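# Here is my input; please provide its structure:
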Amino acid sequence: MKGLYPVIDSPYFCTEVRLSGVRVSVLCNGSSARKTVFGEMRRLCKTTKILLIRGLVSFFNALGLKKNLYSISPKRFLIVSTTGIGDTLWGTPAIRALKEGYKDGYISVMTTDTGAELLKENPYIDRVFIFRRGKILSLFGLIRDLRKERFEMAFIFHASDRIIWPLVFFSGVSEIIGMIGQNKGLDFILTRGIRQEAVHGVEMRLRLIREAGVYNSESASTIYLTGEERKRGQEILEEMGFHETSLIIGLHPGAQKPFKCWPLRNFVETGNRLVKDLGCRIVVTGGNKERRLCEELASKITGAVSVAGITSLRETAAIIERMSLFITNDTGPMHMAFALETPTIALFSPTDPVLCGPYNAKSAVIIKKPIICSPCIGKGCSTPVCMEQITAYEVIDAAESLLERKCSSAKARKGS
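The predicted structure is shown next:
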C-alpha cells in the first residue's frame, strides 16, 4: 500500500495496492478508499501474525521443546471448541463417542464460558478448560495447566481466535487433528488434517475422531440439566404467572446475524393466532443484547412475557425444555431446543439446514425458502427479504400439526 492520492478536480482518490508482486492503481471514492486501506492493513496484520507464529513453531520444533514426551495410559484427549452455542453442542455426539470408544480414557474440553455452561454436567467430560478472549496474561497459566495434563491427542472442533492453535501446540500434545483450511492460515500446526466436506457440523466432528479409531453410530446433541435446574426453570415461570399445566410456546425472534431473522411482525401475527386458537401462553427468549427486541415482541402478543436478559443460559435451557413448542430463527437457542428434544419449528433461508439444522433431532420441523439474491451477501445483509417468503400461515399450520402429533404420541404412551 503506497497511500492515497487525490485526483485533481474530483472527489475520488487513487491508491496503489501490491497484489502478488504486481502494483495496481485503484480509483475509489473516500469511503471505498478507507475500506481499501483498512482491508490492506488487516491483511498485513494477519500475515504478520501467521509469520510470527510459524517462526515460533519452527523454533520450538528445532529445539525439540514442543512435544510432551510423557506417555500415559489410558489415552488422554483434548477437545477444542471455542465458538458459538451451536458449534459447541455439535461436538457433544463426538465427545460421547470418544468416551464410549475409550471407556478408561480421559477427555478434557477447552471452551469459552458459554461453552462451559452448555457442557456442565456432561458425564463424558472429565475436565473443562476456559479460554477467555482478550485475557493475554491468563494464557500463560492456561498453557501451564494444559501441559500438566500430558495430552496425547487434540481435536480442533472449531475455533475463531488465531491464538487457539499456538495454545494447543504449546500444550505439548503429540497429535493435533483438525480440518484443512479452517485454521486461520495455521494448517501447518496440524499433525493430521482432514479435508472439509459439505456435511453437517456434527458429522464433521464425528469424522475427526475417526483418527482415534472411533467409528460410532450417529447420535444427537445433548444438554444435561439437573433436577434442581429444572425446578428453578419452573419457579421462574410460576413467578410470571404460569402453571405446571400451562401450554407454553416459545418464540425466539433474534439471531447473531440479522440476515437470519424472520420479520418481527410475522412473529407477532403467529403468536397472537396461536394464543387465540390454542389458548396457550407465549414466552419470548433471547440474550441480553436482544432484550429490547424481545420485550417489544412480548408487548404485542396477548399475555406474552419475555425472559431475555433475565435468565442465565441454563435457566433458559430449563424453560425451553418445559415448552410444548419452540419457534425460532437459525441461532444458538435453536440448537439448544434440538438438544433438549423440545418440539421445534426452525426457520431457514440464507443458511442451509442440511449443514447447520437439526441432526437426529426428535420432533423438528424445518421451513426453508430459497435464497432470492444472487450471490447472497450473507453477513452484509441487514434486510433479509428471503426470510419474508416464510408466511405466518405456514408457521401456524406447522405448529398446530406438530402439537397435534405430540398430543397423539402422549396419548399412545399413556394407553400402553
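
# going forward, measure contacts between C-alpha atoms and count neighbours the same way
Fine.

# ok now do Pro333, which residues does it touch?
Ile85, Gly86, His252 (C-alpha atoms under 8 Å, 6 or more residues apart in numbering).

# How about the contacts made by Met179?
Ile156, Gly193, Ile194, Arg195, Gln196, Leu208 are the contacts of Met179 under C-alpha under 8 Å, 6+ apart.

# is the second one in a bridge, and if so with what?
So that's Gly193. When assigned by DSSP bridges, Gly193 has beta-bridge partners Gly178.

# Run through the residues that contact Lys246.
That one is not Lys; residue 246 is Ser. Cys280, Arg281.

# SS state for it?
Of the three states, Ser246 takes coil under DSSP: H, G, I helix; E, B strand; the rest coil.

# Skipping adjacent residues, who's closest to Gly185 in space?
Ile50 (6.8 Å; C-alpha to C-alpha, 6 or more residues apart in numbering).

# And Ala116, by the same measure?
Val128 (6.8 Å).

# Phi first, then psi, for Asp161.
Dihedral pair for Asp161: phi -90, psi 120, per degrees, to the nearest 10.

# give me the element Arg132 is part of.
Under DSSP states H and E, no helix or strand contains Arg132.

# That one: how many residues sit nearby?
Neighbours of Arg132 under the rule other C-alpha atoms under 10 Å: 14.

# wait, what's in contact with it?
Applying C-alpha under 8 Å, 6+ apart, the residues near Arg132 are Thr112, Asp113.

# Okay, helices next: where are they in the stretch 101-250 of the chain?
In the stretch 101-250 of the chain, the helices defined using DSSP state H, counting those that start in this stretch lie at 113-119, 136-149, 164-170, 201-208, 227-239.

# The residue nearest to Ala116: neighbour count?
Count around Val128 with other C-alpha under 10 Å applied: 19.

# Same check on Lys257?
With other C-alpha under 10 Å as criterion, Lys257 counts 14.

# That one and Cys373: what is the separation?
17 Å (C-alpha to C-alpha, to the nearest Å).

# if we can go back for a sec, mind checking which helix or strand the residue nearest to Gly185 is in?
Using DSSP H and E, Ile50 falls in helix 30-63.

# Just checking: what are the partner strands of the next helix or strand after that helix?
Note on helix 30-63: by DSSP H and E, the next helix or strand toward the C-terminus is strand 76-81. Strand pairing for strand 76-81, using DSSP bridges, gives strand 106-111 (parallel), strand 153-158 (parallel).

# Now do strand 76-81, average pLDDT.
For strand 76-81, mean pLDDT rounds to 96.

# quick one: contacts of that strand?
87-88, 91, 105-112, 115, 150-159.

# got the CA positions of that strand in CSV?
Only the C-alpha atoms of strand 76-81 are listed here, as CSV (Å, rounded to 0.1, in the frame of the first residue of the first chain):
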residue,chain,number,x,y,z
ARG,A,76,-5.8,-38.6,27.1
PHE,A,77,-7.7,-36.3,24.7
LEU,A,78,-8.2,-32.6,24.4
ILE,A,79,-11.2,-31.3,22.5
VAL,A,80,-11.1,-27.7,21.4
SER,A,81,-14.4,-25.8,20.7
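
# Could you point out the helix or strand that follows it?
Downstream of strand 76-81 (by DSSP H and E), the next one is helix 85-90.

# Show me what that next one is packed against.
With contacts defined as 3 or more C-alpha pairs under 8 Å, 6 or more residues apart in numbering; DSSP states H and E, helix 85-90 has these neighbours: helix 113-119, helix 201-208, helix 332-339.

# Thanks a lot, catch you later.
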